[in-house]
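[1] below: sequence and its predicted model.
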Amino acid sequence: MKRPFRAALAAAAVALALPVTGCAALISPQQTHEYQYNGGDGAGTSLDGVDVRGLLLISNDEGKSQLFYTIVNTSQQSARVDISVGSVNRSETVAAGKTVIQDPKNAKSQSKKELIVSGLDAKPGELTDVAVTINGTKQEVPTQVLDGSLWYYKTLAPSDAPASTAPVPSGSATSGAQDSAGAEDEATADQ
């Protein structure tokens, strides 16, 4: 065999072996495509450096649900986020680089008050649309409605006791949160 033929044969062998060995995965569109992954239960959306994560409703037997979410502002300016579902209209102002958590059982949550939603048409196991408005731009986010049948959600269903109305002590970076009843919470955003 002549040298050019051998070189061409070797190049062809390498070209055929490359996809089989998985080395082509580095340039595969499945590997290079950017997508938003929502780990576990909960929905999310993102706009202009503001992420709303872990949107989730946990309901009880009486048809009331507790709303959970986390807002992460990675932008350089404060953001106003409005969340509306059922009977709840919640507004949060999140300082640049800060996080707001709505989960009364989480130590890092800014509010120890349950955010109870009534008037939902969706039952556990279904999706319901939650209106999320970030700096004036509205998006409908399909969100799961779950119940306490899983052990890790049992304590998150709305309690029978009335929610606390005591204000949370404020810190240096605050966000004013207002619910549909007009009660305003001062919440720190020091995460």
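    Structure received. Numbering: from 1, shown residues only.

[2] under the pLDDT cut-off, which ranges of the chain? List them.
    Screening the chain residue by residue with the criterion pLDDT under 70, one finds the ranges 1, 18-39, 160-191.

[3] put the alpha carbons of the helix or strand that contains residue 10 into CSV.
    Under DSSP states H and E, the secondary-structure element containing residue 10 is helix 3-21. Taking C-alpha atoms only, helix 3-21 is exported to CSV below (Å, rounded to 0.1, in the frame of the first residue of the first chain):
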residue,chain,number,x,y,z
ARG,A,3,1.5,6.1,2.1
PRO,A,4,-1.3,8.5,1.1
PHE,A,5,-3.7,5.6,0.9
ARG,A,6,-2.7,4.4,4.4
ALA,A,7,-3.1,7.9,5.8
ALA,A,8,-6.6,8.2,4.2
LEU,A,9,-7.5,4.8,5.6
ALA,A,10,-6.3,5.8,9.1
ALA,A,11,-8.2,9.1,9.0
ALA,A,12,-11.4,7.2,7.9
ALA,A,13,-11.0,4.7,10.8
VAL,A,14,-10.7,7.6,13.3
ALA,A,15,-13.7,9.4,11.8
LEU,A,16,-15.8,6.3,12.1
ALA,A,17,-14.6,5.5,15.6
LEU,A,18,-15.2,9.0,17.0
PRO,A,19,-19.0,8.8,17.2
VAL,A,20,-19.0,5.3,18.5
THR,A,21,-16.6,6.1,21.4
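
[4] helices or strands up against it?
    Here helix 3-21 is seen to pack against no other helix or strand when contacts are counted using 3 or more CB pairs under 8 Å, 6 or more residues apart in numbering; DSSP states H and E. (Each C-beta comes from the backbone N, C-alpha and C, glycine too.)

[5] list the buried residues of that helix.
    The neighbour-count check on helix 3-21 (16 or more other CB atoms under 10 Å) flags nothing as buried.

[6] now stretch 89-102
    By 16+ other CB under 10 Å, the buried positions in stretch 89-102 come out as 90, 91, 92, 93, 94, 95, 97, 98, 99, 100, 101, 102.

[7] same check on stretch 70-86?
    When burial is assessed from 16+ other CB under 10 Å, stretch 70-86 yields the following buried residues: 70-73, 75, 78-79, 81-86.
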